[in-house]
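Asks: Predicted model and sequence follow; I will ask about them next.
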Amino acid sequence: MSQQRRRQGRRPRPKQARGASRAGERFEAVVGPVAHGGHCVVRLDAPESRVVFVRHAIPGERVVLEITEGTDGDRFWRGDAVEVVEASPDRVTPPCPYAGPGLCGGCDFQHVALPAQRALKTAVVREQLSRLAGLTWDGEVEAVPGDDEGLHWRTRQRYVSLPDGGRAMRKHRSHELVPVDTCLLEAPEPSDHTALGRHFEVADEGFWQVHPGAPDVLVSTVLEMLRPQPGERCLDLYAGVGLFSAFLLEAVGETGRVVAVEGDRTASALSARNCPGLVVTAGSVADVLAASYDEPFDLVVLDPPREGARRAVVEQVVDRAPRAIAYVACDPAALARDLATFAEHGYGLRELRAFDLFPMTHHVECVALLRPS
């Protein structure tokens with residue numbers, strides 16, 4: 001898994017206003033479909049005729065929304081549902097007192113029943129695959145053991161320290177702070193950095209999946225999809241501390257070969273310690289593949305950061321002519337774009353599973369299997 005902190009989106013840069021601000025104005029409207037990013041689409045009628053991306057709503061509800069970002073010249077606005085006129089049957093009281101309009105921005109869906117959260121994420125994955133890659137997916141986002149009804153799963157949590165010794169979380173798309181006692185997503189115990197019974201050494205600030213069930217389910221899924229055989233050659237790209245490499249090495253045996261490429265040098269060095277016999281290179285995946293390991297590989301695992309692998313890496317991967325590729329993705333839009341690029345080069349999607357590794361948020365983890373057409 002890549003060392004990069006890909007799960008936490010960057011806060012937006014200030015943008016130049018294009019006309020009078022509409023922040024604070026309220027409108028009553030019916031909520032449209034869910035969109036990628038933890039909000040729903042609302043289309044305001046004339047004379048406004050504007051799309052608003054609204055948080056704290058559920059498709060089909062009638063709400064009063066308050067504009068939080070937007071000017072007369074913007075193509076779309078952002079807003080919060082501050083009053084529910086007609087509620088969805090899937091609406092619940094958020095378990096956390098800090099979840100809601102104007103409060104902590106860490107969760108997107110605490111107001112939605114857990115099964116309905118997964119249905120919303122399923123809709124997002126399907127829409128992104130269809131719109132960006134022309135693919136139809138009839139799967140469902142799957143629950144993963146390790147959380148407590150969607151809570152207490154973050155084995156690593158960060159707070160902002162306050163001058164009085166307290167702690168806080170940030171508001172959505174803001175540097176503003178919300179003082180909190182604790183986050184209900186925080187797990188009672190830190191991660192033990194194990195997968196399928198095997199321990200991994202990870203740096204203090206190094207990346208490791210935060211959901212307790214994530215390492216097991218991701219490794220198992222990748223192995224089931226690829227079915228590595230003794231003697232095969234494998235590329236593990238964005239390899240982190242060697243999570244997938246360790247199990248690929250076991251599967252291909254002494255006659256096989258596994259090469260791991262990771263951009264973070266600390267994680268790359270740890271992968272060598274975690275996986276004796278692994279061929280390790282630290283550096284940009286695109287640059288490393290452009291300069292080395294220019295030979296056929298049977299299998300490839302990709303676990304890129306949020307922006308995806310992108311064309312340069314995809315083209316280097318298909319140049320190795322693997323029989324199968326497992327792509328682990330934390331962003332369905334980036335995954336769909338890369339799947340479209342793979343398709344241009346003759347590699348089609350054969351299977352895709354999606355996992356709810358980030359309950360109460362809009363994030364979802366996918367594992368895709370690609371094979372040559």
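Replies: Thanks, I have it. Residues are numbered from 1 along each chain as shown.

Asks: Tell me where the chain has helices.
Replies: Taking DSSP state H as the criterion, the chain contains helices spanning 114-133, 214-226, 243-252, 265-274, 285-291, 310-319, 332-344.

Asks: Could you pull up the residues touching residue 189?
Replies: residue 155 (C-beta atoms under 8 Å, 6 or more residues apart in numbering). All C-beta spots, glycine's among them, are computed from the backbone N, C-alpha and C.

Asks: List the buried residues of stretch 292-305.
Replies: Going by neighbour count (16 or more other C-beta atoms under 10 Å), the buried part of stretch 292-305 is 293, 297, 298, 299, 300, 301, 302, 303, 304, 305.

Asks: So which residues make contact with it?
Replies: Contacts of stretch 292-305 (C-beta under 8 Å, 6+ apart): 1-2, 4, 6, 222, 226, 228-229, 232-240, 244, 248, 259, 261, 281, 285, 309-310, 313, 317, 319-330, 334.

Asks: which residue sits farthest out from the middle of the chain?
Replies: residue 47 (37.1 Å; C-alpha atoms, centre = their mean).

Asks: Please report the distance of the spatially closest residue to residue 84 that is not a sequence neighbour from residue 23.
Replies: Once flanking residues are discounted, residue 84 sits nearest to residue 63: 5.4 Å by C-beta to C-beta, 6 or more residues apart in numbering. Residue 63 is 17 Å from residue 23, where distance means C-beta to C-beta, to the nearest Å.

Asks: Also residue 318?
Replies: Distance from residue 318 to residue 23, by C-beta to C-beta: 47 Å.

Asks: now swap in residue 159 and tell me
Replies: 28 Å.

Asks: now swap in residue 216 and tell me
Replies: The value you get for residue 216 to residue 23, if C-beta to C-beta is used, is 45 Å.

Asks: With neighbour numbers in mind, choose between those two.
Replies: More crowded of residue 216 and residue 23, by other C-beta atoms under 10 Å: residue 216, with 17 against 14.

Asks: Can you give me the neighbour number for the spatially closest residue to residue 359 that is not a sequence neighbour?
Replies: Using C-beta to C-beta, 6+ apart and skipping residues adjacent in sequence, the residue nearest residue 359 is residue 150, 3.5 Å away. For residue 150, the tally of surrounding residues (other C-beta under 10 Å) stands at 23.

Asks: Now do the contacts for residue 150.
Replies: Contact analysis of residue 150 by C-beta under 8 Å, 6+ apart lists 114, 117, 359, 360.

Asks: any chance of the residues you listed in a markdown table, plus pLDDT and neighbour count?
Replies: Shown next, in a markdown table, are these (pLDDT from 0 to 100; neighbours: other C-beta atoms under 10 Å):
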| residue | pLDDT | neighbour count |
| --- | --- | --- |
| 114 | 98 | 18 |
| 117 | 98 | 25 |
| 359 | 98 | 26 |
| 360 | 98 | 27 |
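
Asks: Report the contact partners of the residue farthest from the centre of the chain.
Replies: By C-beta under 8 Å, 6+ apart, the contact list for residue 47 is empty.

Asks: Quickly note the distance from it to residue 30.
Replies: In terms of C-beta to C-beta, residue 47 sits 18 Å off from residue 30.
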